[in-house]
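[1] Please find the sequence and the predicted model below.
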Amino acid sequence: MSHYLDRIGAGFILARPDTLDFDYVPEELVGRDDIQHELASKFNKISSPDGTGRAIITGPVGSGKTVLAKTFCRDIKRHMSGKRDIQIAQVNCRNASTSMRVAQRILHSLDPGHPDRGLSMGELLLSLRKLIRRASVHLIIVLDEVDHMLRRSGDELLYQLLRIDEDQEGTGTLSLILISQEQVLEFLETAVMSKFGKTNHIRVPSYTKEGLEAIVRQRAEAALVPGTWDDGILRLLAEKAAPSGDARQVIEFLSSAVERCEFRQDEHTERKLTVDDVNALNHVMATDVGVRLELIDTLSPPTMLVLLSMCRRLKTQDSMTMGDVEALYAVVCEEYEQKTRSHTTLWKYIKSLEQEGIIESHVAAVSGGRGRTTHLSMPHFLPADLASRLELLLPKLLRR
Ligand SMILES: Nc1ncnc2c1ncn2[C@@H]1O[C@H](COP(=O)(O)OP(=O)(O)O)[C@@H](O)[C@H]1O
Ligand SMILES: [Mg+2]
């Protein structure tokens, strides 16, 4: 393998650039045990010589459908080695959207030099059947983004693949996995559906904040120089990506933050991802921030004071505790010559800011101490922007 090239493009922070690629397949999936078991259960029979498996995987973008199928195929091939020779044909139907192109790709994955020009669909399938049987392999065909093919060419190819063993000469020739973002089932004719089996449908949900945090942690561990990141930064990245639930997005955010961090390195900088590196993303991401900033204008002045005290800390720190808020809030009240409110009232303001989606909270361990406490963060706004807006508004409002 070309591992000696792994450090090409590597920097102070980034040790393994390849692991931040979209098509990098991690050794292990994180947080998908249930779904992996479900998929494996559809392939229960594959260990017997004539056993096959079938599955339809659907779910939103970035829910890990492609990587689920890839890791499954890789693992089952390893698991069965010595018992059954398994070959994989993974075709993305976005790039090969007619059933003819798909059939050609499947054939080429077994025999890259196989002539296909001028062959009819029937002939392609005949060649495929012969090839598989001659090599006595079992073929798992994965049709990713299969809705593209179904829309262009219907489900005839699926029908033919499903009945490939009906000539009585062979059994257990191939298994089939379909993947799609949409509900593909409605594109499938009853004949195909009944062969596939409705129970073989696996629905993959989008990721929660915790799921995204686990994924971004796995990537940071694989890609970055140890000591250049900490948990708070990963949490903030996961919070930013949480509204989409898209794993690709959280990896993309990590990769942009790393890029920025690399870019600003010189002999004096600390080699570490900062809140600034993460917040710099907002400029790229947020198109509607202008609109959403106005959300701030409608807050009551006492709430604004609390928010301002938070913004000042969150400019440079990924999160803060209630104790931090109280200390900074006292300073802000003094600055604006306002009476400080009680702990309970402060807490109410904070809860209302959370309800508006301006801040987020999560309970985690006290850094460097024992016990757990609430950490407050601001993943969807730039604290510096909010602070300047509040500093403009507050004097006017308080003078009245
Ligand atoms: N459970 C997971 N563990 C590790 N990486 C994941 C997981 N789910 C998704 N990813 C990664 O997130 C990215 C998007 O996943 P992908 O399988 O392409 O999503 P989909 O096909 O559903 O759009 C890929 O880089 C993938 O490796
Ligand atoms: Mg995909």
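    Yep, that arrived. Ligands and ions are numbered 1, 2, ... in the order given.

[2] low-confidence ranges in the chain?
    1-10, 168, 283-291, 400 (pLDDT under 70).

[3] Near ligand 1, which residues of it are found?
    Within the chain, the positions near ligand 1 by C-beta under 6 Å from any ligand atom are 22, 26, 29-32, 59, 61-67, 215, 218, 247-248, 251. For glycine as for every other residue, the C-beta is placed from the backbone atoms N, C-alpha and C.

[4] Can I get the buried part of the residues you listed as one ChimeraX selection?
    To isolate the buried subset of the residues of the chain next to ligand 1 in ChimeraX, counting by 16 or more other C-beta atoms under 10 Å, use the following:
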select :29,30,31,32,59,62,63,64,65,66,67,215,218,247,248,251
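
[5] In the stretch 51-200 of the chain, what residue lies closest to ligand 1?
    G64 (2.7 Å; C-beta to the nearest ligand atom).

[6] In this structure that residue contacts G245, no?
    No: in this structure G64 lies outside contact range of G245 using C-beta atoms under 8 Å: 10.5 Å.

[7] Please enumerate the shared neighbours of the two.
    Here G64 and G245 have Y207 as joint contacts, going by C-beta atoms under 8 Å, 6 or more residues apart in numbering.

[8] The stretch 51-200 of the chain: helices as residue ranges?
    All helices of the stretch 51-200 of the chain, identified by DSSP state H, counting those that start in this stretch, fall at 65-79, 99-110, 121-134, 147-153, 156-162, 190-196.

[9] Show me which positions of the last one end up buried.
    Under the neighbour-count criterion of 16+ other C-beta under 10 Å, helix 190-196 has V192, M193, K195, F196 buried.

[10] The fifth one now?
    Taking 16+ other C-beta under 10 Å as the basis for neighbour counts, the residues of helix 156-162 that come out buried are L157, L158, Q160, L161, L162.

[11] Which other helices and strands does it contact?
    helix 99-110, helix 121-134, strand 174-180, helix 190-196 (3 or more C-beta pairs under 8 Å, 6 or more residues apart in numbering; DSSP states H and E).

[12] So which of the ones you listed is the most surrounded?
    strand 174-180 (a mean of 24; mean count of other C-beta atoms under 10 Å).

[13] From the chain's centroid, how far away is it?
    Distance of strand 174-180 from the chain centroid (C-alpha atoms, centre = their mean, to the nearest Å) equals 21 Å.

[14] Ok, which of the helices of the stretch 51-200 of the chain comes nearest S367?
    Among these, helix 65-79 comes nearest to S367, with 32.6 Å by C-beta to C-beta.

[15] other SSEs contacting that closest one?
    Packing partners of helix 65-79 (3+ C-beta pairs under 8 Å, 6+ apart): helix 33-41, strand 54-58, strand 86-92, strand 138-144, strand 174-180.
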